[in-house]
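Undergrad: Here is my input; please provide its structure:
(one chain, ligands or ions: 3)
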Amino acid sequence: MTRKGLLLLGLLLAAAWAGSLLAADGDVVFQRQEGKEQSTPPAVFPHWSHRIRYSCYACHPAIFEMKAAATATTMDDIMAGKSCGVCHNGKTAWAVSFETCTRCHAAKQ
Ligand code: HEC
Ligand code: HEC
Ligand code: HEC
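TA: Ligands and ions are numbered 1, 2, ... in the order given. Sure, this is the predicted structure:
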């Protein structure tokens, strides 16, 4: 490969890396599964406040794919200790309760 080619490749890789980091900083708004109750606002996942506590591998790819809306999630999964419930179980992090619904379901519709 020519030097120019290598430089271009380097720039592309740097841009891709920066892009994935930026994507990982924003809030991810979940999509409601079809056939489920639709009046509760969708769950919002604040990436940044989790990233400062964990490495990417704590969640990707075992619990969540690295793509918004790629991982189907329901309250049943969470209550069964999957998805957000891996941690939001009252031990690792605060649990699901009627006091905490709006911490996750924070999106305006
Ligand atoms: C505490 C769990 C957790 C940690 C730690 C975490 N993520 Fe995520 N990430 C998620 C969840 C949840 C989603 C949304 C998945 C969905 O909507 O199906 C997501 C989505 C993403 C997406 C897709 C965003 C989009 O808009 O498409 C990228 C990229 C990503 N994560 C990168 C990272 C990187 C890089 C790190 C580490 C620096 C990281 N994540 C750390 C939970 C986490
Ligand atoms: C730790 C975060 C979290 C907490 C706390 C939480 N939820 Fe959820 N909830 C989710 C996620 C993620 C989904 C899947 C994405 C979506 O449908 O918004 C979901 C889905 C739902 C759904 C859609 C139907 C279903 O069964 O999946 C309803 C209704 C719901 N939640 C109600 C509640 C209520 C009521 C509370 C409080 C008792 C609550 N949630 C607490 C994260 C949470
Ligand atoms: C790997 C463990 C882990 C997973 C998985 C996880 N969380 Fe958390 N989350 C935490 C911890 C730890 C905190 C901080 C708890 C505290 O402050 O007491 C937190 C805090 C939060 C907060 C408060 C944010 C803030 O700025 O204080 C929200 C909202 C939240 N999580 C939503 C979610 C949702 C929605 C999911 C699933 C999509 C999820 N979390 C999955 C560990 C996790």
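
Undergrad: Quick check: I78 touching C87?
TA: No. Using Cβ atoms under 8 Å, I78 is not in contact with C87, being 10.2 Å away. The C-beta positions use only the backbone N, C-alpha and C, and glycine is treated the same way.

Undergrad: What ranges does the chain have for its strands?
TA: With DSSP state E as the criterion, the chain has strands at 27-29, 44-46.

Undergrad: any idea which of the ones you listed scores lowest on pLDDT?
TA: With a mean of 89, strand 27-29 has the lowest mean pLDDT of the strands of the chain.

Undergrad: Quick check: residues of the chain near ligand 1?
TA: Listed as neighbours of ligand 1 in the chain under the rule Cβ under 6 Å from any ligand atom: 20, 23-24, 28, 30, 45, 47, 50-51, 54, 56, 58-60, 64-71.

Undergrad: same for ligand 2: which of these are within range?
TA: Among those, the residues that sit close to ligand 2 (Cβ under 6 Å from any ligand atom) are F30.

Undergrad: Just the buried residues out of the residues of the chain next to ligand 1, in PyMOL syntax.
TA: Filtering the residues of the chain next to ligand 1 down to the buried ones (16 or more other Cβ atoms under 10 Å) takes a single PyMOL command:
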select buried, resi 28+30+45+59+64+71
